[in-house]
Every structure is written in C-alpha cells, then in structure tokens.
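**Q** here are the coordinates; sequence isn't available:
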C-alpha cells in the first residue's frame, strides 16, 4: 500500500486562493463604498508588475520589474473595485499615477492596523518573494507587526 497522497482531481489550492482574493476585493469594495478607510486601517498590497492585466506607468515597471508594494492609506483617489481587480490613483515622487491591478496579480495583502495578512501565489509566480524596495507611493509608512498574529499564509504547491 502506498503512503503517498494521490493527486487531487479537484483544484483545491486554486479554489482557496480565489476565495481569499475575494476577501481583498470585498475589503477594497467597502473602502470604495465608504469613500475612505475606517479608523486606523491601511493596506500594503504587493503585486506582480508584469502579470497580464496589470497597468502601471512605465517608470514604475522599470523600477519594479517583478514585484511592487503600494500603500493605501492617506493619499489615494479614484479607488474602483471590479470583480477581477481594482484601479487606484497614487502619487509617486509627487507624480500622480493610475494603477490597474487584477486580483490574480496580488501576492500579499496586509492591514498592519489589526495585524491581518494574506499571502498568495500569483499565477506563474515562483515560490518565495523577491526582495524589493519599500513602498514608494507618497504616504507615511507604518511597519507591520512581527508577531504573526492573524496571519493566513496560503502557499500551495502542485505535485507533478
């Protein structure tokens, strides 16, 4: 009798990833509907810059060729959330920019105000995260808690 777990014919990992990305969409939609962030909530959103559907200014793609983290906190505008992703206006070095980010490109979502974090694997992304610069859109930056409370880490790998 084999000790190996058989390969699932149901894509559980994809289903869970999609459900958790829906959490990000719902949270951003509530912020959009309210016209701003409640209390001290703010978000760090990391995404793959070259994923299909991502639209960011060329100078940002050149600076962040793989992955980029943005902060949704004090200075953002025109947040629009749709089923497949979101659009937001942010300023980088004083230059206003519009970013379009599909939820499939998101690799991290953090709300440091309440020690909440979700991690994802973007389709076609390699395991682990490439080191990158701190978020550079023009807003104060608070560090996420290091204690790991309320962290959900979803890191499924598919058996070949």
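**A** Looks like it arrived, so ask away. Bear in mind the structure is a predicted one, so any value in this text is a computation, not a measurement.

**Q** Please name the bridge partners of residue 46.
**A** With DSSP bridges as the criterion, residue 46 is bridged to residue 69, residue 108.

**Q** That one - how many residues pack around it?
**A** Per other C-beta atoms under 10 Å, the neighbour tally for residue 46 reads 21. Glycine gets a C-beta too; all of them are placed from N, C-alpha and C.

**Q** any low-confidence regions in this protein?
**A** Within the chain, the stretches with pLDDT under 70 are 1-2, 122-160.

**Q** the helices in it, which residues?
**A** 12-34, 58-63 (DSSP state H).

**Q** what's the most buried one of those helices?
**A** Most buried of the helices of the chain, by mean neighbour count (mean count of other C-beta atoms under 10 Å): helix 12-34, with a mean of 15.

**Q** ok, residues contacting that helix?
**A** Residues from elsewhere that reach helix 12-34, judged by C-beta atoms under 8 Å, 6 or more residues apart in numbering: 37-38, 43, 45, 72, 79-81, 83, 86, 103-104, 106, 109, 111, 118, 120-121, 152, 154, 156, 158.

**Q** Any quick ChimeraX command for the buried ones out of these?
**A** Filtering the contacts of helix 12-34 down to the buried ones (16 or more other C-beta atoms under 10 Å) takes a single ChimeraX command:
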select :37,43,45,72,79,81,86,103,104,106,109,111,118,120,121
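
**Q** out of the helices of the chain, which comes closest to residue 99?
**A** Residue 99 lies closest to helix 58-63 among those, at 8.0 Å (C-beta to C-beta).

**Q** Any idea how far the closest one is from the middle of the chain?
**A** 18 Å (C-alpha atoms, centre = their mean, to the nearest Å).

**Q** And stretch 87-101, by the same measure?
**A** 15 Å.

**Q** if we can go back for a sec, need the helices of the chain in JSON lines (columns: distance to residue 52).
**A** Output for the helices of the chain, formatted as JSON lines (distance: least, C-beta to C-beta, whole Å):
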{"stretch": "helix 12-34", "distance to residue 52": "15"}
{"stretch": "helix 58-63", "distance to residue 52": "14"}
